[in-house]
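Q: quick one: sequence plus predicted model below, questions after.
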Amino acid sequence: MSKRKTCSHCMYPETRCLCSFLTPIKHKTKITIIQCDKEGSNAKNTAKLLPFLSKNISIVTEQDIADSKLLNELSLQSKETAILFPSQVAKPISTCVNDSFCFDHLIVIDGTWKKAKKLFYTHPWLNGLSHVALSEVYMSQYAIRKTMIKNGLSTLEAVAYAISENEGVNNVDISPFFKLLDGINKTFIEHMPKDVKSRYK
């Protein structure tokens, strides 16, 4: 049996190529995504496509931070580094901006909420970073992967809103993020079996 042909750019099967939905975006905030174990191999993962949108977005794996040296080095490259994590001491991003504390490097954990919490608490040095949270409650537009977490967002959405809140809605156009998300939704639903597809209408 022959293997399915894969797009050499987005690395998705050619029948589900997402390249037409990839539009470069310019923003100042550096984003480092820590990807939980096996999350990158999930076909519905949204984070792995984000580096295609921006040179300021990079991904490291859970294995990469077994030694905190890598992230410590990344932190030293920025004047202010924060982690997007809704801990009890997390400050809403808009409040940070108003207080003149504005990060230029944001770390985001990519994975289920259960895995994200485990990763966060397994690496106590992450607690030494400033904790921030989104200032607004957003409705998720990610249709093909469900979560039981109230107001839960995909990593793509969380990154987009964090950038917008940090840099100002009038200073950065985050629509390319949602063009990609719409493409992911439509492409996956289009290739679902009819009985499964009906659940998403």
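A: Sure, I can see it. Residues are numbered from 1 along each chain as shown.

Q: can you give me the strands for this protein?
A: 30-35, 57-61, 81-84, 91-92, 105-110, 130-133 (DSSP state E).

Q: out of those, which is closest to Ile189?
A: strand 105-110 (22.2 Å; CB to CB). Where C-beta positions appear, they are placed from N, C-alpha and C, glycine not excepted.

Q: helices or strands up against the closest one?
A: strand 30-35, helix 69-76, strand 81-84, helix 113-122, helix 155-167 (3 or more CB pairs under 8 Å, 6 or more residues apart in numbering; DSSP states H and E).

Q: taking their axis directions, the first one and helix 113-122 sit at what angle?
A: Using axes from the mean of the first three to the mean of the last three CA atoms, to 10 degrees, the inter-axis angle of strand 30-35 relative to helix 113-122 is 110 degrees.

Q: most centrally placed residue in the protein?
A: Nearest residue to the geometric centre of the chain (CA atoms, centre = their mean): Thr155, 2.9 Å.

Q: enumerate every residue touching that one.
A: Counting by CB atoms under 8 Å, 6 or more residues apart in numbering, Thr155 touches 33, 45-47, 50, 108, 110.

Q: mind doing that once more with 10 Å?
A: Contact partners of Thr155, counting by CB atoms under 10 Å, 6 or more residues apart in numbering, are 31, 33, 35, 39, 45-48, 50, 59, 84, 108-111, 116, 142.

Q: tell me what the lengthiest helix in the chain is packed against?
A: The longest helix of the chain (DSSP state H) is helix 175-190. Judged by 3 or more CB pairs under 10 Å, 6 or more residues apart in numbering; DSSP states H and E, helix 175-190 is in contact with helix 155-167, helix 194-197.

Q: can you redo these as CSV with distance to Ile25?
A: Below are these laid out as CSV (distance: least, CB to CB, whole Å):
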stretch, distance to Ile25
helix 155-167, 9
helix 194-197, 30
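
Q: of these, which stretch is the most buried?
A: helix 155-167 (a mean of 23; mean count of other CB atoms under 10 Å).

Q: just to revisit the earlier point, I'd like to know which of the strands of the chain is closest to His123.
A: Per CB to CB, nearest to His123 of the strands of the chain: strand 30-35, 8.8 Å.

Q: walk me through which strands that closest one pairs with, and which way each runs.
A: strand 57-61 (parallel), strand 105-110 (parallel) (DSSP bridges).

Q: mind exporting the last one as PDB, just the C-alpha atoms?
A: Once non-C-alpha atoms are left out, strand 105-110 reads as follows in PDB (Å, rounded to 0.1, in the frame of the first residue of the first chain):
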ATOM      1  CA  HIS A 105       9.000  37.300  25.400                       C
ATOM      2  CA  LEU A 106       6.000  35.100  26.200                       C
ATOM      3  CA  ILE A 107       6.200  31.400  27.000                       C
ATOM      4  CA  VAL A 108       3.100  29.300  26.200                       C
ATOM      5  CA  ILE A 109       2.500  25.700  27.100                       C
ATOM      6  CA  ASP A 110       0.900  23.600  24.400                       C
END
